[in-house]
Each structure stands twice: as structure tokens, then as C-alpha cells.
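Chemist: what would the 3D arrangement of this be:
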Amino acid sequence: MTTAAPELLTVPEVMELLRLGRSTVYDLILSRRLVSITIGRARRIPADAVRRFIDHEIGEAS
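Modeler: Now for the predicted structure:
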């Protein structure tokens, strides 16, 4: 049985993926550079939003 990657990530999961601190991830969310949704009281970041963020940052760096 294979495990598919989750479509929605928690802030700690995004912190680990991007190797960033909690404050930085929330700053990215507040500045709308990283898309997120709220379900109840839980903040979730779509996995494709993380990929778009990374691709955008790579584009900006080149």
C-alpha cells in the first residue's frame, strides 16, 4: 500500500518542508505570499501552494 502526499499541510509540516521558523511561515501567510485556508480553528496550507511559492521564489532569484 502506498501513501499519497497530503493535499493540505499543517504549519509545522510547512515549516519542516521549507526549513523555516513558525513566525516566518505565518508572516508569509499574512503577507499572502503563501496561500492558506482556515477550517474551524485549524490553519492549512495546500501542498500546491507551497510548490507555487517555491517556484515563484526560484523565478525571483534568477
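Chemist: buried sites along the lengthiest strand in the chain?
Modeler: Identified as the longest strand of the chain according to DSSP state E is strand 42-46. Going by neighbour count (16 or more other CB atoms under 10 Å), the buried part of strand 42-46 is R43, R44, I45, P46. (Glycine included, C-beta is placed from N, CA and C.)
Chemist: what pairs with the third one across the strands?
Modeler: Read it as I45. Beta bridges link I45 to L9, judged by DSSP bridges.
Chemist: follow-up on the earlier one: can I get the CA coordinates of the longest strand of the chain in CSV?
Modeler: Extracted as CSV, the C-alpha positions of strand 42-46 are listed here (Å, rounded to 0.1, in the frame of the first residue of the first chain):
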residue,chain,number,x,y,z
ALA,A,42,-7.1,25.0,12.1
ARG,A,43,-4.8,26.7,9.5
ARG,A,44,-4.0,24.5,6.5
ILE,A,45,-1.7,25.2,3.5
PRO,A,46,-2.5,23.5,0.2
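Chemist: all helices of the chain, in order?
Modeler: Taking DSSP state H, the helices of the chain run over residues 11-18, 22-30, 47-61.
Chemist: pLDDT weak spots in this protein?
Modeler: Low-confidence segments of the chain, defined by pLDDT under 70: 1-4.
Chemist: ok, 90 please
Modeler: Counting by pLDDT under 90, the chain contains low-confidence ranges at 1-6, 62.
Chemist: residue nearest the middle of it, spatially speaking?
Modeler: When CA atoms, centre = their mean is applied to the chain, the residue found nearest the centroid is V50 (4.2 Å).
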